[in-house]
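Peer 1: Starting from these lines, generate the structure:
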Amino acid sequence: METIASLGVDIGSVSTKGVVLGSDGKLLAHEYLYTQGDPLEAARELLRSLYSQLPVGTVVSSVGTTGSARRLVGAMLGAGAVKNEITAHAVGALSRRPGLRTILEIGGQDSKIILTDGKVVTDYAMNTLCAAGTGAFLSSQAERMGLSVEELGQAALRSDAPAKIAARCTVFAESDLVHKAQAGHSKDDLLAGLCRAVVLNYLSNVGKGKRIRPPIVFQGGVSKNKGVIRAFEVELGCEIHVDADSHLMGAVGAAILSRGTATGKPFDFAAGEIPCSTKVNSCAGCANNCEIVSFYQDGTLLDWWGAKCEKGSASA
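Peer 2: Residues are numbered from 1 along each chain as shown. The predicted model follows:
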């Protein structure tokens, strides 16, 4: 018996997430891995892993992509839906928690807040200017202290007196951590202070001026850090919901959004193995001098993007 499903891929600068979602919303396969500066190779590895997990009889009828490399990987996979992160994360979260009002999301190098009326997005904000307060920032601090990110969160929970750490800038935060350590603060208090600083940085920048109302869900890789979860709960004074698949919600949303694009032809996971390449040229059509990215699969031009006006054209 066939099981009809959808493939969703969320490919960012730090991590690549993928899910195969059944029509009933059940995860049939999922994967989380690091992009490592090569989104196409990360997508190939992702497809191999997802395919190996699929139950017999699974037919993927549609594909959706989101994330910073959504257009590139979408062209590679022939995706029917290529959606921005705000839309994908909101759809994914609302599919799991209908009626939620606020989505807090902190990823590897960016963060965002999404407000809903319980059904659709009403407002949002993003912070992509600085890595301070993101997953990459926390990972670097954990590594500097000889801990994994998971250990960092657990250590932070043991603290009753978080140190006051300034986390608006990675350089200042590291300097502040060293200073506080030299002053005699315990490692647990330093780590709890770091988690609290990340939350305060998020609320004062990304969440500034936003009406944050429960029910609240926390998504992205940093949502797995229990120290940050507790810091959010202390600062906001309410429960923060973190689903087991919170780090996959962008991919879940992309899969759901793809359902209306099914063509009747099943997706072939071998598509990722077809040789592909990109070519970048500067458009001379106007003073913008846009960088045009052309995507080729097996030598054939499949898609191109980057033009800011109608004068843009693909590379030869």
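Peer 1: helices or strands up against the longest helix along the chain?
Peer 2: Ranked by number of residues, the top helix in the chain under DSSP state H is helix 187-205. For helix 187-205, the elements it packs on are strand 102-106, helix 135-144, helix 149-157, helix 170-182, helix 226-236, judged by 3 or more Cβ pairs under 8 Å, 6 or more residues apart in numbering; DSSP states H and E. All C-beta atoms are positioned from the backbone trio N, CA, C, and that covers glycine.
Peer 1: repeat that for 7 Å
Peer 2: Other helices and strands packing on helix 187-205, by 3 or more Cβ pairs under 7 Å, 6 or more residues apart in numbering; DSSP states H and E, are helix 149-157, helix 170-182, helix 226-236.
Peer 1: For residue 271, which of those is the nearest?
Peer 2: Ranking the helices and strands packed on helix 187-205 by proximity to residue 271 (Cβ to Cβ) places helix 149-157 first, at 33.1 Å.
Peer 1: now that closest one against helix 135-144, angle please.
Peer 2: Angle between the axes of helix 149-157 and helix 135-144 is 80 degrees (criterion: axes from the mean of the first three to the mean of the last three Cα atoms, to 10 degrees).
Peer 1: which residues touch helix 149-157?
Peer 2: Residues outside helix 149-157 that contact it (Cβ atoms under 7 Å, 6 or more residues apart in numbering) are 138-139, 142, 147, 187-188, 191-192, 195, 225-228, 230.
Peer 1: still on that earlier bit, pLDDT on the longest helix of the chain, on average?
Peer 2: The predicted model gives helix 187-205 an average pLDDT of 87.
Peer 1: and residue 246, how many residues sit next to it?
Peer 2: 22 (other Cβ atoms under 10 Å).
Peer 1: show me where pLDDT drops low in the stretch 101-250 of the chain?
Peer 2: 128-133, 167-171 (pLDDT under 70).
Peer 1: again, only using 80
Peer 2: Applying pLDDT under 80 to the stretch 101-250 of the chain picks out residues 108-109, 128-145, 148-150, 166-174, 177.
Peer 1: how about the strands in the protein?
Peer 2: Using DSSP state E, the strands of the chain run over residues 3-11, 15-22, 27-34, 58-66, 81-82, 102-106, 111-116, 121-127, 216-219, 240-241, 276-282, 291-297, 300-305.
Peer 1: Please identify which of the ones you listed is closest to residue 161.
Peer 2: Once the strands of the chain are compared by Cβ to Cβ, strand 240-241 is nearest, at 21.5 Å.
Peer 1: List the pairing partners of the closest one within its sheet, with orientation.
Peer 2: Using DSSP bridges, strand 240-241 pairs in its sheet with strand 216-219 (parallel).
Peer 1: if I pick residue 118, what's in contact with it?
Peer 2: 99-101.
Peer 1: Is it possible to get TSV of these that adds neighbour count and distance to residue 260?
Peer 2: Putting the contacts of residue 118 into TSV (neighbours: other Cβ atoms under 10 Å; distance: Cβ to Cβ, whole Å) gives the following:
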residue	neighbour count	distance to residue 260
99	10	23
100	21	23
101	18	26
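Peer 1: Name the member of the residues you listed with the shortest distance to residue 277.
Peer 2: residue 100 (41.3 Å).
Peer 1: what's around residue 210, how many residues?
Peer 2: Around residue 210 there are 15 residues (other Cβ under 10 Å).
Peer 1: what's the distance between the nearest residue to it once chain neighbours are set aside and residue 89?
Peer 2: In space, and not counting its chain neighbours, residue 210 is closest to residue 113: 5.8 Å by Cβ to Cβ, 6 or more residues apart in numbering. In this structure, residue 113 and residue 89 are 10 Å apart, going by Cβ to Cβ, to the nearest Å.
Peer 1: Many thanks, we can stop here.
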